[in-house]
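> Here is a sequence with its predicted model. Questions after.
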Amino acid sequence: MRHRHAVLAGLLALGLATATPASSQAPLAPGDPRPNLSRGQLDRFQRGKVVFQRVFTPETGLGPLFNNTSCAVCHDQPAVGGSGFEDDDIETHASVFDQTAGTCDQLEAAGGPVFRHNATTGNPPGLPPSAGLGMGHRTTPALFGMGRIDEVPDAAILANEGQLGGRAHRLADGRIGRFGRKATDATLAEFTQGAFATEMGIDVPSELVANDLALTVDFVRFLGLPTRLNRPGGALFHLVGCDQCHTPSLSGGPPLYTDLLLHDLGPNTTDAQPAWARRSACTAARPRLSSGASRI
């Protein structure tokens, strides 16, 4: 039997997915930019935040299928760029996995694998009837510190391969996947462009100019890790062995709590929510225990 794989990318809770700044730095609140940005970088952060908060309409490219009208509508708790737990922040993923043949039908012909909740005209496609249908509901992950993943060298990811069965996701072009629920994207820019297309039906460059996409990427890239509170949970996290996969830091980088590897979690837990998520092959092909709300 083939098990699906899930990225054990950390940032499990806001208390873990935060950084302890040097004493010379002011504490960072959720939604603050990273410290020590240049004037130009801070300008791009602010301009990107405007695009991130832009509300799209059918006239400006929304749809025909979409989950919401703006990045910030879902990524808004406790600040812009954060998570979302309201009903309209939850995605529906579905696919059919044939265990005998080892094949996956992502139901693209029926509107999948992400079944959008809204349509600009009429009703969005519903889930097709299937005896082997697997479905998952997923909340919106926070993006604080997510841009730092681009800075992790491939060598730092590959150095941990084999630990507790972890493996890097090598994409068809040879690059290492690091963004997305199953490490489906190699760069933050690709991940962000895919989110525009999937969540709002916004295509680049026909419906969103390339510069606005780049500004949005830089807004996420420059989002800071909120200052971590000194609580006893960190010691317990280490004591029970969570940090064997949710590695606090890779290659001396920021505390992202991830090894950026794929891990086989078994048939009932393979849909556990990582720190950042979008979509991947047969993501919902088996039952799930996790609520999908790991948070970051």
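Cool, the structure landed. Numbering: from 1, shown residues only.
> What does the pLDDT read for Arg4?
According to the prediction, Arg4 has pLDDT 36.
> what's the longest strand in this structure?
Of all segments of type strand in the chain, defined using DSSP state E, the longest is strand 91-98.
> Which SSE is immediately downstream of that one?
For strand 91-98, the succeeding helix or strand toward the C-terminus, using DSSP states H and E, is strand 103-105.
> For the helix or strand just after that following strand, which outside residues touch it?
Counting by DSSP H and E, the next helix or strand C-terminal to strand 103-105 is strand 118-119. Here strand 118-119 makes contact (CB atoms under 8 Å, 6 or more residues apart in numbering) with Gly63, Pro64, Leu65, Phe66, Asn67, Asn68, Pro124. Where you see a C-beta, it was placed from the backbone N, CA and C, and this is true even at glycine.
> Widest-spaced pair of those residues?
Pro64 and Asn68 (14.4 Å; CB to CB).
> if we can go back for a sec, list the buried ones in the longest strand of the chain?
Buried residues in strand 91-98, defined by neighbour count with 16 or more other CB atoms under 10 Å: Glu91, Thr92, His93, Ala94, Ser95, Val96, Phe97.
> Hmm, the last one is touching Met135, no?
Think Phe97. No. The pair Phe97 / Met135 is not scored as a contact, 11.8 Å apart, by CB atoms under 8 Å.
> where along the stretch 101-250 of the chain do the helices fall?
154-158, 188-200, 210-221, 233-239 (DSSP state H, counting those that start in this stretch).
> which one of Pro64 and Asn68 has more residues nearby?
Asn68 (23 against 13; other CB atoms under 10 Å).
> ok, now which ones touch the residue lying closest to that one once chain neighbours are set aside?
Counting by CB to CB, 6 or more residues apart in numbering, Asn68 lies nearest to Cys74, which is 5.3 Å off, once chain neighbours are set aside. Going by CB under 8 Å, 6+ apart, Cys74 touches Asn67, Asn68, Gly84, Asp88, Asp89, Thr140, Glu199.
> Now the buried members of those residues.
Buried among the contacts of Cys74 by 16+ other CB under 10 Å: Asn67, Asn68, Gly84, Asp89, Thr140, Glu199.
> From Glu91, how far off is the third one?
Yep, that's Gly84 we're talking about. 10 Å (CB to CB, to the nearest Å).
> for the last one, same thing?
Plainly put, Glu199 is 8 Å away from Glu91 if you go by CB to CB.
> same check, this time on Gln106
With CB to CB as the criterion, Gln106 and Glu91 are 14 Å apart.
> same check, this time on Arg116
8 Å.
> Need the overlap of contacts for those two.
Asn67, Glu199.
> coming back round to it: and of the contacts of Cys74, the nearest to Gly241?
Nearest member of those to Gly241, counting by CB to CB, is Thr140, at 28.2 Å.
> contacting residues around the closest one?
Contacts of Thr140 (CB under 8 Å, 6+ apart): Cys74, His75, Ser83, Gly84, Phe85, Asp89, Ile90, Glu91.
> could these be laid out in TSV, adding secondary structure and pLDDT?
Below are those laid out as TSV (DSSP: H, G, I helix; E, B strand; the rest coil; pLDDT from 0 to 100):
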residue	secondary structure	pLDDT
Cys74	helix	95
His75	coil	96
Ser83	strand	94
Gly84	strand	90
Phe85	coil	82
Asp89	helix	75
Ile90	coil	85
Glu91	strand	88
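> Which single one of those residues is nearest to Ala235?
Ser83 (24.9 Å).
> Count the neighbours of the closest residue to the closest one other than its chain neighbours for me.
Using CB to CB, 6+ apart and skipping residues adjacent in sequence, the residue nearest Ser83 is Ala142, 4.2 Å away. The number of residues packed near Ala142 is 27, by other CB under 10 Å.
> i'd like the first residue to be 4 from this point on
From this message on, residue numbering opens at 4, which makes the last subject Ala145.
> so how far is Leu228 from Ala145?
10 Å.
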